[in-house]
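> prediction below, plus the sequence it came from.
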Amino acid sequence: MSIEAPSQPGLARRAPLSADLDHAIARATDALLGLQQDDGHWVFELEADATIPAEYVLLKHFLGEPADAGLESKIARYLRRIQGEHGGWPLFHEGVFNISASVKAYFALKMIGDSIEAPHMVRARAAILAHGGAASTNVFTRALLALYGQVPWRGVPVMPVEIMLLPRWFPFHLDKISYWARTVLVPLLVLMALKPKARNPRGIGIAELFTRPPEQVRRWPKGPHQVQPWSSIFGAIDRILRQVQPLFPAGPRRRAIDRAAAFTIERLNGEDGLGAIFPAMANSVMMFEVLGYPHDDPRVVLARRSIEKLLVIKEDEAYCQPCLSPVWDTALVCHALMESGGERAAMAAVKGLDWLKPLQVLDTAGDWTAQRPDVRPGGWAFQYANPHYPDLDDTAVVVMAMDRAAAEAAAKGGADYGTAIARGREWVEGLQSRNGGWGAFDADNSYEYLNYIPFADHGALLDPPTADVTGRCLGMLAQLGETKDSPRVAAALAYLKRTQMKEGSWYGRWGMNYIYGTWSVLAGLNAAGIDPGSPEIRRAVDWLVAIQNDDGGWGEDGESYKLDYKGYERAPSTASQTAWALLGLMAAGEVDHPVVQRGIDYLTHQQAGDGFWPEERYTATGFPRVFYLRYHGYRKFFPLWALARYRNLTKGNTRSVQFGL
């Protein structure tokens, strides 16, 4: 990749701040303050692709619940609106056709009552058949189709429920996979063992989506990452398991099912649901149904209610969110407001942090203790409640916000977060992986061979350390005073140096993609006191400078996660990604660089009348190549954060960012 405009430190300072910038900051701040909940928190819509609302519809028909015609018609309108010009459904706005999302969306629309001869259904069917038909879908989709009797169970890789009884030393164990895989898989194991059939009161099927009868299919697809020799080895194991599974004794199977049910019930998490993520929550509801739990059983009632809380119902449309993001949203808004400044913003930030404070998980020893049994709890979860699964990213962001608020309020004697900060720091330190990095939920969750088992065709079975989360945790430790000479920080710096891409960027696991990762790491490196002239920072700056779009913004889409990635490919600018690039450049000491001025101008001119920024494109990631996210809050607080930081740095006595984020 050619570098178009290498960064040159020490450029002349720009002219005094314009009224336009101050006005943009004030409008965005006022708009954000207007969205704060009465109790102090913020929560914004979290949108995925067609699969979640489609699965919601199919879940209701699996259970045989009375149809809510009004709600179904709104979900149908949503699904029709997001259908791609290619006839199917993408994984993100303006994305390419995706076979699994398309089959689920088509199935849901047909279940709701759309005629298969309707123009949008004809186009969808043609696109699905052109891409190999419903037999070409991924494992989770084929499992759903098997529950509806649309494909035979041999179309789903074998995952015996007896997995629940395996010892920890065994090559496959629940402790060796990620939290999201764990919570989704455990109730699914029960479904795969008992092989129920959906009630499906309308008797809807999708035989027309197969290029040949599914019972005749002998070779089912695998993930693009599943290459030799692992695919052959695990494929052979799968075939052996399929032959011997009927011979498994009934006693251990019953014990395994009981253990799966107990695992689920322990982590049911009240009205916030198993794992607080839709796929796990839906599987838990179906598991209770299959095991014969009465519908009025309090656990069933809670599990079912947790799913309804994910619905976004508007005047004309409705969809189901994959989860809720109040802790993440609130913590990031607090950072943006503290950067914006002013009495109202400061008071609102403290109110938000006061809401966050009691959500710290202090008593539950979650699944992360399998790797770190001696570490005390102290993290925050992403959702309203998810005590078994706090995460490092949220915890680091909350701790940095609390530390900043405490420092700014010290003179007034308020904002006492000392104990919360100390416990959060202790937990983050305790979950550093052996390679120096941090994963999102667990330490040392790096059993890469497991992504090659047939069931892991999505390639997201694990939670290994990543650069973006590591940059965040490094920034937290450095902001709290840990120096680059400490063993923890030194290990993190070594990890980040090893994982920098040749072009100068860092991978963004949870945000799209290298722009997000590069910002996250540059913020951490700056906080740790790394010289802005160091080779790694200069290469990162040069990369960000080179990929700026002609309009002054930055953009990147989900195709950047492809396995044969060969370097940045241009994508339309977005407000949130532009903000990340600007925050990264400013952390690298480039506040006076011309590209920063152009980026600031882009944001000030793109601001909409409501004080926020338009952004339909997806800029976040659930699982690379499989599942993407559109945080509706990102366009509201990240651009404000970048504009306010630019104003503060150009107006203040230092050009150096003083925080870890």
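Structure's in. What do you need?

> and the lowest-mean-pLDDT helix or strand in the chain, how far out from the chain middle?
None of the helices or strands of the chain scores lower by mean pLDDT, DSSP states H and E than helix 230-244, at a mean of 75. Distance of helix 230-244 from the chain centroid (C-alpha atoms, centre = their mean, to the nearest Å) equals 31 Å.

> what do you get for stretch 553-571?
Mean-position distance between stretch 553-571 and its chain equals 18 Å (C-alpha atoms, centre = their mean).

> got it, and stretch 75-83?
Per C-alpha atoms, centre = their mean, the centroid offset for stretch 75-83 relative to its chain is 23 Å.

> now what about it, what contacts it?
Here stretch 75-83 makes contact (C-beta atoms under 8 Å, 6 or more residues apart in numbering) with 49-50, 53-54, 56-57, 89, 93, 105, 108-109, 112-114, 120, 123-124, 316-320. To be clear about C-beta, it is placed using only N, CA and C from the backbone, and glycine gets the same treatment.

> just the buried members of the residues you listed?
49-50, 53-54, 56-57, 89, 93, 105, 108-109, 112, 114, 123-124, 317-320 (16 or more other C-beta atoms under 10 Å).

> low-confidence stretches in the stretch 101-250 of the chain?
220, 223, 226-228, 230-231, 234 (pLDDT under 70).

> repeat that with 90
Scanning the stretch 101-250 of the chain for pLDDT under 90 picks out 158, 172, 215-250.

> in it, which spans are helices?
119-130, 139-147, 179-194, 230-244, 250-266 (DSSP state H, counting those that start in this stretch).

> which residues of the stretch 301-450 of the chain score low on pLDDT?
Looking at the stretch 301-450 of the chain by pLDDT under 90, you get 407-416, 448-450.

> for it, what spans make up the helices?
So, for the stretch 301-450 of the chain - with DSSP H, counting those that start in this stretch - the helices run 326-340, 343-356, 392-409, 418-430.

> picking that back up, then the least confident helix or strand of the chain to CSV, C-alphas only?
Extracted as CSV, the C-alpha positions of helix 230-244 are listed here (Å, rounded to 0.1, in the frame of the first residue of the first chain):
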residue,chain,number,x,y,z
TRP,A,230,-7.4,-30.2,10.6
SER,A,231,-10.6,-30.3,8.6
SER,A,232,-10.0,-33.9,7.6
ILE,A,233,-8.9,-35.0,11.1
PHE,A,234,-12.0,-33.5,12.7
GLY,A,235,-14.2,-34.6,9.9
ALA,A,236,-13.2,-38.2,10.5
ILE,A,237,-13.9,-37.8,14.2
ASP,A,238,-17.3,-36.4,13.4
ARG,A,239,-18.1,-39.4,11.2
ILE,A,240,-17.0,-41.8,14.0
LEU,A,241,-19.1,-40.0,16.6
ARG,A,242,-22.1,-40.1,14.3
GLN,A,243,-21.8,-43.9,14.1
VAL,A,244,-21.2,-44.6,17.8
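
> show me where the protein has strands.
46-47, 311-313, 318-320, 620-623, 627-631 (DSSP state E).

> next, format these as CSV and append distance to residue 397.
Formatted as CSV, the strands of the chain follow (distance: least, C-beta to C-beta, whole Å):
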stretch, distance to residue 397
strand 46-47, 16
strand 311-313, 24
strand 318-320, 26
strand 620-623, 14
strand 627-631, 13
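
> next, count neighbours for residue 408.
If you count neighbours by other C-beta atoms under 10 Å, residue 408 ends up with 16.

> what's the answer for residue 128, then?
27.

> what does residue 79 give?
Residue 79 has 25 nearby residues by other C-beta under 10 Å.

> do you know how far it is from residue 540?
In this structure, residue 79 and residue 540 are 40 Å apart, going by C-beta to C-beta, to the nearest Å.

> for residue 49, same thing?
In terms of C-beta to C-beta, residue 49 sits 31 Å off from residue 540.

> mind listing what the closest residue to residue 263 other than its chain neighbours touches?
Take residue 263 and drop its neighbours on the chain: the residue closest to it by C-beta to C-beta, 6 or more residues apart in numbering is residue 186, 5.1 Å away. Shown in contact with residue 186 (C-beta under 8 Å, 6+ apart): 164, 174, 260, 263-264.

> go on, residue 365?
Residue 365 makes contacts with residue 377, as judged by C-beta under 8 Å, 6+ apart.

> measure it to residue 376 for me?
Going from residue 365 to residue 376 by C-beta to C-beta gives 9 Å.

> also residue 632?
Separation of residue 632 from residue 376 (C-beta to C-beta): 35 Å.

> more neighbours, the two?
The neighbour comparison of residue 632 against residue 376 (other C-beta under 10 Å) goes to residue 632, with 17 against 13.

> show me what contacts that one?
Taking C-beta under 8 Å, 6+ apart, one finds 44-47 in contact with residue 632.

> with adjacent residues omitted, what lies nearest to residue 511?
residue 620 (5.3 Å).

> hang on, isn't that neighbour packed against residue 508?
No - counting by C-beta atoms under 8 Å, residue 620 stays clear of residue 508, with 9.1 Å between them.

> more crowded one of these two?
residue 508 (29 against 22).

> residues in contact with residue 552?
By C-beta under 8 Å, 6+ apart, the contact list for residue 552 reads 573, 578, 598-599, 601-602.

> at 7 Å instead, please
For residue 552, the contacting residues are 598-599, 601-602, by C-beta atoms under 7 Å, 6 or more residues apart in numbering.

> now, which of those sits nearest residue 608?
Distance to residue 608, by C-beta to C-beta, is smallest for residue 602 among these, at 13.5 Å.

> so the closest one sits right up against residue 553, yeah?
Yes - counting by C-beta atoms under 7 Å, residue 602 does reach residue 553; the two are 4.4 Å apart.
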